[in-house]
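In: my questions are about this predicted structure, shown below with the sequence.
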Protein chains: 2
Amino acid sequence: MMRISTKGRYALRIMLDLARQEGCEPVSLHDIAERQHITQKYMESIMSILLRAKLVLSVRGKSGGYRLARAASEYSVYEILNAAEGSMAPVACLTQNPPGCELAAQCATLPLWVGLNTVIRDYLTRTNLADLAQGKPGDSVYCDYI
Amino acid sequence: MMRISTKGRYALRIMLDLARQEGCEPVSLHDIAERQHITQKYMESIMSILLRAKLVLSVRGKSGGYRLARAASEYSVYEILNAAEGSMAPVACLTQNPPGCELAAQCATLPLWVGLNTVIRDYLTRTNLADLAQGKPGDSVYCDYI
DNA sequence: GCATTTCCTTGTGTGGTGGTAGGAAATAAA
DNA sequence: TTTATTTCCTACCACCACACAAGGAAATGC
């Protein structure tokens, strides 16, 4: 169905939550769970992805938790979703480079998928975490006059 | 992973195949299977979707098959994928109207999903089947000056 | 030392994906 | 009228990702 899974959606909400606590002490999953209504156990698996991708820093032990690795404005929504989802390419063959399979030369639909991928990636790259926290999503207007 | 499934990708290739045989006798699944390397049995289930969506017409019995219901240029890629995939919305809550769940007012990510949905829908609507058959995908350039 | 918190491995139910099997119904051609 | 062809319909099935839950090990502040 080409749906973003809970992994991606939750990851974004978690990063937004961390962005709002920017500069404070590390935030525990217990606290995030209360605010975001995501189970702590499931969040653990999501945090391990974000940690491996170096999108967050962790502090273990008592009064530990997570914090952003950079300023909120330095994160694009794209890199967060891409890390959590594994890939944001709408078809698998776009993860090859050059994109396409061995039949790429004869594939009439490949240019369409490349274009779709571009459109999605550009839109999600245009929005950063700080903007999103302030309710400013990326501009989705398309211009015909270029 | 937000991937378009084989249903959508195959549906598009099938519609492209039919577009190339436009104006001829109905095309049998046997013939399409040979050209597109999709199993005939699996195609049957895809055709039933396209038929219910009135994207194709069918002729039963010997020397029967399928044909486009309109001119190829009258199909957007969006409506084909939307029919085959069930929905092209990147998150489920966008299929409600107004988009969003009961927490929409407090949802910081909803505007992002609405924008993403718009960007995807607009791009796929910009391309029609006739253009795709001629190797012209939709323009994926984003304009900053609007 | 104890409470807290991340980190790691493992298991598990559910549903969607990507098909296959078998046959009924329709229809053109012989 | 028979036969071959073709769509149409209802099941069925294996596999894998998703969305968790369980249990414990390791780290660390107090």
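Out: That came in fine, so what should we check first? Numbers count the residues shown, from 1 in each chain, chains lettered A, B, ... in the order given.
In: show me where pLDDT drops low in chain A?
Out: Residues of chain A that meet the criterion pLDDT under 70 lie in A:141-146.
In: just the strands in it please.
Out: Secondary structure of chain A (DSSP state E): strands at A:56-59, A:65-68.
In: how distant is the helix ranked longest in chain A from the center of its chain?
Out: For chain A, the helix that runs over the most residues, judged by DSSP state H, is helix A:110-126. The chain centre lies 15 Å from the centre of helix A:110-126; the measure is CA atoms, centre = their mean, to the nearest Å.
In: against which helices or strands is that helix packed?
Out: Using 3 or more CB pairs under 8 Å, 6 or more residues apart in numbering or on different chains; DSSP states H and E as the contact test, the elements touching helix A:110-126 are helix A:77-85, helix B:110-126. Every C-beta, even on glycine, is put in place using the N, C-alpha and C of the backbone.
In: make JSON lines out of those and add mean neighbour count and distance to B:Gln21.
Out: Shown next, in JSON lines, are the helices and strands packed on helix A:110-126 (neighbours: other CB atoms under 10 Å in any protein chain shown; distance: least, CB to CB, whole Å):
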{"stretch": "helix A:77-85", "mean neighbour count": "21", "distance to B:Gln21": "38"}
{"stretch": "helix B:110-126", "mean neighbour count": "20", "distance to B:Gln21": "23"}
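In: and those helices: which comes nearest B:Ser63?
Out: B:Ser63 lies closest, by CB to CB, to one member of these: helix B:110-126, at 34.3 Å.
In: for the closest one, list the C-alpha coordinates in CSV.
Out: Provided in CSV are the C-alpha atoms of helix B:110-126 (Å, rounded to 0.1, in the frame of the first residue of the first chain):
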residue,chain,number,x,y,z
LEU,B,110,-0.3,15.8,10.0
PRO,B,111,0.6,18.9,7.9
LEU,B,112,3.7,17.1,6.7
TRP,B,113,1.8,14.1,5.6
VAL,B,114,-0.8,16.2,3.9
GLY,B,115,2.0,17.9,2.0
LEU,B,116,3.7,14.7,1.1
ASN,B,117,0.4,13.3,-0.2
THR,B,118,-0.1,16.3,-2.3
VAL,B,119,3.4,16.1,-3.8
ILE,B,120,3.0,12.5,-4.7
ARG,B,121,-0.5,12.8,-6.1
ASP,B,122,0.4,15.9,-8.1
TYR,B,123,3.4,14.2,-9.7
LEU,B,124,1.6,11.1,-10.6
THR,B,125,-1.4,13.0,-11.9
ARG,B,126,0.9,15.0,-14.2
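In: who touches it?
Out: Under the criterion CB atoms under 8 Å, 6 or more residues apart in numbering or on different chains, residues A:4, A:12, A:77, A:115-116, A:119-120, A:123-124, A:127, A:132, A:135, A:137-140, A:142, B:76-78, B:81, B:88-91, B:93-94, B:99-100, B:104, B:138-140 lie in contact with helix B:110-126.
In: circling back to that earlier point, dump the helices and strands packed on helix A:110-126 to JSON lines, plus distance to DNA strand D.
Out: Shown next, in JSON lines, are the helices and strands packed on helix A:110-126 (distance: least, CB to the nearest atom of the strand, whole Å):
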{"stretch": "helix A:77-85", "distance to DNA strand D": "7"}
{"stretch": "helix B:110-126", "distance to DNA strand D": "14"}
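In: picking that back up, save the strands of chain A as JSON lines, and put in mean neighbour count and distance to B:Leu16 too.
Out: Converted to JSON lines, the strands of chain A look like this (neighbours: other CB under 10 Å; distance: least, CB to CB, whole Å):
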{"stretch": "strand A:56-59", "mean neighbour count": "16", "distance to B:Leu16": "44"}
{"stretch": "strand A:65-68", "mean neighbour count": "20", "distance to B:Leu16": "46"}
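In: TSV please, covering those strands and showing distance to B:Glu25.
Out: Formatted as TSV, the strands of chain A follow (distance: least, CB to CB, whole Å):
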stretch	distance to B:Glu25
strand A:56-59	61
strand A:65-68	63
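In: what's the closest of these to B:Lys41?
Out: So among these, strand A:56-59 is nearest, using CB to CB, at 47.2 Å.
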